[in-house]
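Participant: Pasting the sequence and the predicted coordinates here, then a few questions.
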Amino acid sequence: MITENKLSARIGAVAGKVPGVALVVVGPEGIRARASTGFADLSSRTPMSTELAAPWFSMTKIATATLALRQAEAGILELDEPVAQLVPQLGLLQPSKWAERITPRHLLQHSAGLRNPLPVKWVHPAAGSAPDQGHFLQALLTKNGKLRTEPGARTNYSNLGALILAAAMTARSGESFEALMQTNILDPLGMLNSGFDEVQGADRATGYHPRRNPLRYFLPGWVVGETSGRWLALNPFAVDGPPYGGLVGTADDAARFLQMHVADGSCDGEQILRPEVAAEMRRITMRGKRYDLGLGWFRPARQRNSVPDFVQHLGGGAGFFNCMRIYPTEGVGVVVIGNATKYDIDAVAELALEFRS
């Protein structure tokens, strides 16, 4: 078995030049390995750690998907019932005959035909509050109202889908999306250092972007912080749409969520999903040019023939690049959180195979 020090060295060797990376490997029984390398903050030389909080970005979508399936199990949400009556903003989409057919299943599979506008400036200071989600969705669909394909025809990854799905759950339950996530996912799993925007009880890693990368010029000015060598530090920020990318938390907390999925819906005696539902989420039912999709989980199309097979969800944005991956046949999963916009995350995630069942 690889020791923590050797695993840290392996992470550093395969990740490439990156400020810091944290990794947690889980099986259905719990954590099998954890390690980190590099720094959470370059100026203070704070070591990277699995106990430091970081934005999940689009890894949030698999939590949103899990919440939707839990709501479906409870009879609150119907996966194959159109959501247009629950989400009036869908009236902005054209053709309307397509929009009226969009269901939660389409949204989970990214097959609703939605466009995917670049979310670079959909951010606010971490200490602030997200905009009203109804108004936010209204503005986005006003600008991106033409559907690309009819629902169910093909996959097209879109951040808009998670926003619509959350609006449907809120309308059906009468509770806010954040409250639903807290009471149905975070609290039952004991994810004490995870939440939306600022997280109480956990220090936060600093995000870094390559100083010479032109994406920096698309970021709001207040996001850009000090330069540290080849890296540009980013001031803490949160995304405007909690359902598609707003969770913030530690790798240790994310590992509890992933353990639940590896264990077919339960973690430490807490049943979040029925085993057959957790398995159905991982079952790939739609192939696409970029991703092959299940109900939330996906695999890159270029890796559909990988051995062993896996499903995952990435979470990338300015300053951080993250991954949750499950190798179902091997009984192992891995959480990777790195505080750089890009690095070889595949090579890091594959280290989990050293700890397979």
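Facilitator: Yes, it's here.
Participant: ok, residue 332 touching residue 353?
Facilitator: Yes. Here residue 332 lies in contact with residue 353, judged by C-beta atoms under 8 Å, at a distance of 7.2 Å. C-beta coordinates here come from the backbone N, C-alpha and C atoms, glycine included.
Participant: For these two, indicate the residue with more neighbours.
Facilitator: Higher neighbour count among residue 332 and residue 353: residue 332, with 25 against 14, using other C-beta atoms under 10 Å.
Participant: Mind giving me the packing neighbours of whichever strand or helix holds residue 166?
Facilitator: For residue 166, the host element (DSSP states H and E) is helix 159-173. The contact analysis (3 or more C-beta pairs under 8 Å, 6 or more residues apart in numbering; DSSP states H and E) places helix 159-173 against helix 60-73, helix 104-108, helix 133-143, helix 177-181, helix 242-245.
Participant: Tabulate the ones you listed in a markdown table, adding columns for mean pLDDT and distance to residue 235.
Facilitator: Below are the helices and strands packed on helix 159-173 laid out as a markdown table (pLDDT from 0 to 100; distance: least, C-beta to C-beta, whole Å):
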| stretch | mean pLDDT | distance to residue 235 |
| --- | --- | --- |
| helix 60-73 | 98 | 20 |
| helix 104-108 | 98 | 32 |
| helix 133-143 | 97 | 22 |
| helix 177-181 | 97 | 23 |
| helix 242-245 | 97 | 17 |
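Participant: Can you lay out the ones you listed as a markdown table showing mean neighbour count?
Facilitator: Output for the helices and strands packed on helix 159-173, formatted as a markdown table (neighbours: other C-beta atoms under 10 Å):
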| stretch | mean neighbour count |
| --- | --- |
| helix 60-73 | 24 |
| helix 104-108 | 25 |
| helix 133-143 | 16 |
| helix 177-181 | 21 |
| helix 242-245 | 26 |
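Participant: mind checking which of these is nearest residue 164?
Facilitator: Closest to residue 164 of the helices and strands packed on helix 159-173 is helix 104-108 (C-beta to C-beta; 5.8 Å).
Participant: how far does that closest one sit from the chain's center?
Facilitator: Between the centre of helix 104-108 and the centre of its chain there are 16 Å (C-alpha atoms, centre = their mean, to the nearest Å).
Participant: which residues touch the helix or strand just after it?
Facilitator: Sequence-wise, the next helix or strand downstream of helix 104-108 (DSSP H and E) is strand 123-125. Strand 123-125 is touched from outside by 130-131, 220, 222-223, 235-240, with contacts defined as C-beta atoms under 8 Å, 6 or more residues apart in numbering.
Participant: mind listing what residue 134 touches?
Facilitator: Neighbours of residue 134 in contact, by C-beta under 8 Å, 6+ apart: 89, 167.
Participant: Name the nearest residue to residue 331, ignoring sequence neighbours.
Facilitator: Leaving aside its chain neighbours, residue 331 sits nearest to residue 357 (3.6 Å; criterion: C-beta to C-beta, 6 or more residues apart in numbering).
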